[in-house]
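A.B. asks: no FASTA, just this:
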């Protein structure tokens, strides 16, 4: 039996090549058995790479990549085996987006795998296979491993300064045992240097070319050496022995603890292993209580933020939540709060997974799922132990949330954490988990949302010379004194040393209780919190930059700059409390134009049940928000200008994935949605919206170029509220918007 010819991996390219080749050349190419049609036509000098890229860019409305601009962070964070497998080039990476260059924009498997592996949205641009292959070899060129090791040992590691006393029970990093086998000595040095460098984590990552050793210092990963691949298994085995894990089991994740002593100082380690394609990855969390002084005063808070937190801790019952993403310092803040409460002479019990720091005078319970000691089971037992204060590591399910709320309503103070983007979103998160709104309103005393930014090194920081970028003038007026990072031996040439917290502190008020009990959305809750004195995360960061604690670059690395239209916090906090207790203007005189429009009040005539409002505004005078989802920039700009003239606040999205993010972030009143979108089309966006309770009734006007009956029926089957044919008349879009918004108010 004969086997069928294998098709080329880029068969999707044929329609594009048909327009670039003569009929004879195209027929010959189509009949060939090439692995890649792109590489074949370029090799045969039939078409140039540039011509194919230009045609694809026009066809798919994609940008052509500059393959020379590959950031060091992208090279370090994106696994080499993945980029080589999918033949893509990582260009840049941020907290939420990975930019790659690809020769195959149809490769959904590549997009999904990279998005899952890195936890980021993948954004593609075009490059030729030859460009990608050449740059991959240059970017991921194997390093001289021996030179790297010698360089680090000679330049960075002071082995003589690591003097430990031998204590088998504590798993010492002993110099004597380090001389017995080189791998033991190497692990000792890696851990000791990580502790000396103030690292919070040590990452041992197997790669195709070896084992990368990285330290996370002040929240940023820094690669310090690459070891030979042969060192991977013994290196991991040594760490497992220290943490009392099973060295024979390499197929399952494992977690353990260890205690080491460096120069006579004991340090706890938390070890986690994860099987990966190139071997086991190991992360060693360093829990050095000497480096983490558990005190609210040491968190780097602004004076008004510290005062509001202490006001919260004066309560004797209710729930106080600390929220933020992973690695934002929630646990340290919680423990600092406990230290402050301890002075009252109260009974404090915690239930955690895992217990990170040992606190004297506090009963700490470690969750053990296998033994049946879950969060709910531990909480039920704790309530019978006469506690005054309970710390719950995380509210992660309905049962835990229910017991936590019940405990807070029975004269207990409960501290816990959530994973949300800001303080107001914590309320909606509790509702999503299944807690009744009236219970949240009664139990919740306050929410502390936070992020961590690096602190400028006091030894080398210098005045920032030059004008502040125009986009930042709203927060940094001309002439304000700012500092920038330089780098010296004290901060390992980074310009930063240590971190401080950016916070927004929501303190419960009667108006907040009313809005929460009424199940109002997060933006309405945030408005009431700002009226009660809460400053946003961005305003907190601006304060730290203005007083010289951090830099503009660091603030922008951690937080996205709010837009003039969407950031009501910038308007509400036009004045803020300064460090000396006075007030300083956060906004320049007059404020930006968008600020003035947000303060415009509606003209209304009130009778028994009748109001005449300005168009584009709701009954409370708030500008109606429209999310405009359209991938054609020119058309989107025209529509935005039209809607803004009609009095709407307009947000924009160029594809379906960004649209869903904007809906969660901005909470629009209505969506204008194009069907033909990159990454996730309009039908996919509609399906997501209608499947979620919070957006099931959100009005959506669909823009479509297809006017046949089947397309019309399909649009409404997916949940559209109305639709418009392209091209459309501006007045028709405006009329439909007002009609739908009028129905939603009824």
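C.D. replies: Looks like it arrived, so ask away. All values derive from a computational prediction rather than experimental measurement.

A.B. asks: Residue 222: neighbour count?
C.D. replies: Number of residues near residue 222 (other Cβ atoms under 10 Å) recorded here: 15. From N, CA and C alone the C-beta is placed, and that goes for glycine too.

A.B. asks: quick one: secondary structure of the residue most central in space within the chain?
C.D. replies: Closest to where the C-alpha atoms of the chain average out (Cα atoms, centre = their mean) is residue 95, at 5.1 Å. Counting by DSSP: H, G, I helix; E, B strand; the rest coil, the backbone at residue 95 sits in coil.

A.B. asks: list the contacts for residue 372?
C.D. replies: By Cβ atoms under 8 Å, 6 or more residues apart in numbering, residue 372 lies in contact with nothing.

A.B. asks: circling back to that earlier point, what residues are up against the residue nearest to the centre of the chain?
C.D. replies: Neighbouring residues of residue 95 by Cβ under 8 Å, 6+ apart: 120, 558.

A.B. asks: Quick check: phi and psi at it.
C.D. replies: phi -60, psi -20 (degrees, to the nearest 10).

A.B. asks: which residue sits closest to residue 449, ignoring its sequence neighbours?
C.D. replies: residue 423 (4.2 Å; Cβ to Cβ, 6 or more residues apart in numbering).

A.B. asks: Revised request: answer the last question for residue 656.
C.D. replies: Leaving aside its chain neighbours, residue 656 sits nearest to residue 680 (2.9 Å; criterion: Cβ to Cβ, 6+ apart).

A.B. asks: my guess is the one you found meets residue 654, correct?
C.D. replies: No. At 11.5 Å, residue 680 does not count as touching residue 654 under the criterion of Cβ atoms under 8 Å.

A.B. asks: Look at these two and report which has more neighbours.
C.D. replies: Between residue 680 and residue 654, residue 654 has the larger neighbour count (other Cβ under 10 Å), namely 19 against 16.

A.B. asks: Could you look up the SS state of the spatially closest residue to the more buried one that is not a sequence neighbour?
C.D. replies: Of all residues not flanking residue 654 in the chain, residue 631 sits nearest, at 5.1 Å (Cβ to Cβ, 6+ apart). With three-state DSSP as the basis, residue 631 sits in coil.

A.B. asks: tell me the secondary structure for the residue nearest to residue 449?
C.D. replies: Put simply, residue 423 is coil when judged by three-state DSSP.

A.B. asks: Quick check: the residue nearest to the centre of the chain vs residue 499, distance?
C.D. replies: Distance of residue 95 to residue 499, computed by Cβ to Cβ, to the nearest Å: 16 Å.

A.B. asks: Over to residue 59?
C.D. replies: Counting by Cβ to Cβ, the gap from residue 59 to residue 499 is 47 Å.

A.B. asks: OK, contacts around residue 341?
C.D. replies: Contact analysis of residue 341 by Cβ under 8 Å, 6+ apart lists 313, 348, 389, 413.

A.B. asks: Got the phi and psi for residue 136?
C.D. replies: Here is the backbone geometry of residue 136 (degrees, to the nearest 10): phi -60, psi -40.

A.B. asks: hmm, back to that, my guess is the residue nearest to residue 449 contacts residue 444. True?
C.D. replies: No. Here residue 423 does not reach residue 444: they are 10.5 Å apart, not a contact under Cβ under 8 Å.

A.B. asks: quick one: which of the two has more around it?
C.D. replies: The residue with more neighbours, out of residue 423 and residue 444, is residue 423; 29 against 23, by other Cβ under 10 Å.
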